[in-house]
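Peer 1: here are the coordinates; sequence isn't available:
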């Protein structure tokens with residue numbers, strides 16, 4: 001019996017591939033409006049501070065390759081062919097859909113490498129994929145959503161938190177704060193104040209329960225430099241408040257809104273947030289990101305098969 005080939009569209013934000021592409025990347029993010037020279041210089045300095053360029057492109061490819069390998073290792077009547085589509089750099093999401101169309105793919109499953117379904121993540125990716133397939137009259141694309149509820153995603157972060165806490169002297173656990181964070185977004189975006197915020201808080205509660213935490217907090221990070229209000233409170237302000245009013249001295253940062261090492265983690269947390277903690281005289285701890293860890297890849301694989309079972313009547 002011939003296996004059915006299903007397109008696997010892995011969607012991600014993208015990142016500059018070299019220092020020379022920082023300008024074009026951020027111009028694309030700003031809908032064609034080039035950032036000021038001062039802002040671009042600040043961005044270049046941030047990339048220099050984390051080694052010259054973000055490792056995100058390499059990690060995203062490893063995640064996509066690991067996911068398709070995991071899916072194809074399952075005993076099923078389907079085989080999967082990987083297509084990588086990015087939001088702000090080539091290959092764009094539309095390029096990936098066109099490639100599926102050329103290859104004769106008629107059915108595809110799409111997964112965004114973003115846990116929470118905020119307008120700036122899953123919905124915006126899905127809109128572009130669906131727009132492209134509508135123009136081409138195929139393939140039919142189903143999108144995985146809500147995979148932050150996957151047991152293995154919760155287990156991954158709970159395991160990392162327990163390992164972090166195990167490195168702290170027992171008599172200091174009572175003054176240790178675990179902070180869950182996601183990328184701040186403009187409050188004017190539809191669904192931001194309710195759905196997106198609720199998903200971070202729900203995810204944090206599930207992970208905290210699995211890690212047997214008595215106390216945790218949520219915060220937002222990496223707000224943009226534009227007019228208007230962004231989701232808060234900011235993680236640096238939360239850190240200062242926990243120090244001054246809560247008596248906390250060790251801070252464990254869990255950026256569960258992200259799935260890889262990149263600028264928002266390596267700079268905004270490991271440099272900027274660490275500087276706040278150092279200034280206060282505390283201890284900074286940031287567990288390892290999922291990247292292409294086998295448990296995380298299994299989580300994504302389970303999410304894809306679960307979505308196929310619901311949408312295409314494929315056994316999970």
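Peer 2: Nice, thanks for sending it over. Worth saying up front: this structure is predicted, and the values here are computed from it rather than measured.
Peer 1: Contacts only, for residue 206.
Peer 2: By Cβ atoms under 8 Å, 6 or more residues apart in numbering, residue 206 lies in contact with 149, 154. For the C-beta atoms, the positions are set from N, CA and C on the backbone; glycine is no exception.
Peer 1: Can you list the low-confidence ranges for the protein?
Peer 2: Residues of the chain meeting the criterion pLDDT under 70: 1-2, 118-121, 191, 312-316.
Peer 1: and if we set it to 90?
Peer 2: 1-4, 19, 30-31, 75-78, 117-124, 185-195, 224-228, 309-316 (pLDDT under 90).
Peer 1: same for the longest helix belonging to the chain, what does it pack against?
Peer 2: Counting residues, the longest helix found in the chain (DSSP state H) is helix 294-312. In terms of contacts (3 or more Cβ pairs under 8 Å, 6 or more residues apart in numbering; DSSP states H and E), helix 294-312 is packed against helix 56-72, strand 107-112, strand 140-143, helix 151-166.
Peer 1: In the last one, which residues are buried?
Peer 2: Buried residues in helix 151-166, counted by 16 or more other Cβ atoms under 10 Å: 152-161, 164-165.
Peer 1: Just put the residues you listed in TSV and tack on distance to residue 285.
Peer 2: Shown next, in TSV, are those (distance: Cβ to Cβ, whole Å):
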residue	distance to residue 285
152	23
153	20
154	20
155	19
156	17
157	14
158	15
159	15
160	10
161	10
164	5
165	9
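Peer 1: which one among those residues gets closest to residue 252?
Peer 2: If you rank these by distance to residue 252 using Cβ to Cβ, residue 164 comes first, at 5.0 Å.
Peer 1: So the closest one is in contact with residue 283, correct?
Peer 2: No. Using Cβ atoms under 8 Å as the test, residue 164 is too far from residue 283 to be in contact (10.6 Å).
Peer 1: Strands of the stretch 151-300 of the chain, start to end?
Peer 2: 176-183, 217-221, 250-254, 283-285 (DSSP state E, counting those that start in this stretch).
Peer 1: Could you dump the ones you listed into JSON lines with distance to residue 81 and mean neighbour count added?
Peer 2: JSON lines is the format used below for these (distance: least, Cβ to Cβ, whole Å; neighbours: other Cβ atoms under 10 Å):
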{"stretch": "strand 176-183", "distance to residue 81": "30", "mean neighbour count": "24"}
{"stretch": "strand 217-221", "distance to residue 81": "36", "mean neighbour count": "22"}
{"stretch": "strand 250-254", "distance to residue 81": "34", "mean neighbour count": "24"}
{"stretch": "strand 283-285", "distance to residue 81": "40", "mean neighbour count": "18"}
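Peer 1: For those strands, give me a markdown table that also has distance to residue 263.
Peer 2: Shown next, in a markdown table, are the strands of the stretch 151-300 of the chain (distance: least, Cβ to Cβ, whole Å):
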| stretch | distance to residue 263 |
| --- | --- |
| strand 176-183 | 11 |
| strand 217-221 | 11 |
| strand 250-254 | 15 |
| strand 283-285 | 18 |
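Peer 1: so which of those gets nearest residue 70?
Peer 2: strand 250-254 (24.2 Å).
Peer 1: Which residues does the closest one contact?
Peer 2: Under Cβ under 8 Å, 6+ apart, the answer for strand 250-254 is 157, 160-161, 164-165, 168, 172, 175-181, 204, 207, 235, 239, 242, 269, 273, 277, 282-287.
Peer 1: Neighbouring strands of that strand in the sheet, and parallel or not?
Peer 2: In the sheet, strand 250-254 lines up against strand 176-183 (parallel), strand 283-285 (parallel) (DSSP bridges).
Peer 1: Is it possible to get a markdown table of the ones you listed that adds distance to residue 69?
Peer 2: Below are the strands paired with strand 250-254 laid out as a markdown table (distance: least, Cβ to Cβ, whole Å):
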| stretch | distance to residue 69 |
| --- | --- |
| strand 176-183 | 28 |
| strand 283-285 | 32 |
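Peer 1: Any idea which of the ones you listed gets closest to residue 295?
Peer 2: The nearest among the strands paired with strand 250-254, by Cβ to Cβ, is strand 176-183 at 18.3 Å.
Peer 1: neighbouring contacts of that closest one?
Peer 2: Contacts for strand 176-183 (Cβ under 8 Å, 6+ apart): 116, 120, 161, 165, 168, 196, 200, 203-204, 207-208, 211, 213, 215-222, 235, 238-239, 242, 246, 248-258, 264, 269.
Peer 1: re earlier: ok, so of the buried residues of helix 151-166, who is nearest residue 47?
Peer 2: residue 160 (25.8 Å).
Peer 1: List the contacts of the closest one.
Peer 2: Going by Cβ under 8 Å, 6+ apart, residue 160 touches 254, 287-288.
Peer 1: Also residue 237?
Peer 2: Neighbour list for residue 237: residue 219 [criterion: Cβ under 8 Å, 6+ apart].
Peer 1: Would you check how far apart it and residue 217 are?
Peer 2: Going from residue 237 to residue 217 by Cβ to Cβ, to the nearest Å gives 11 Å.
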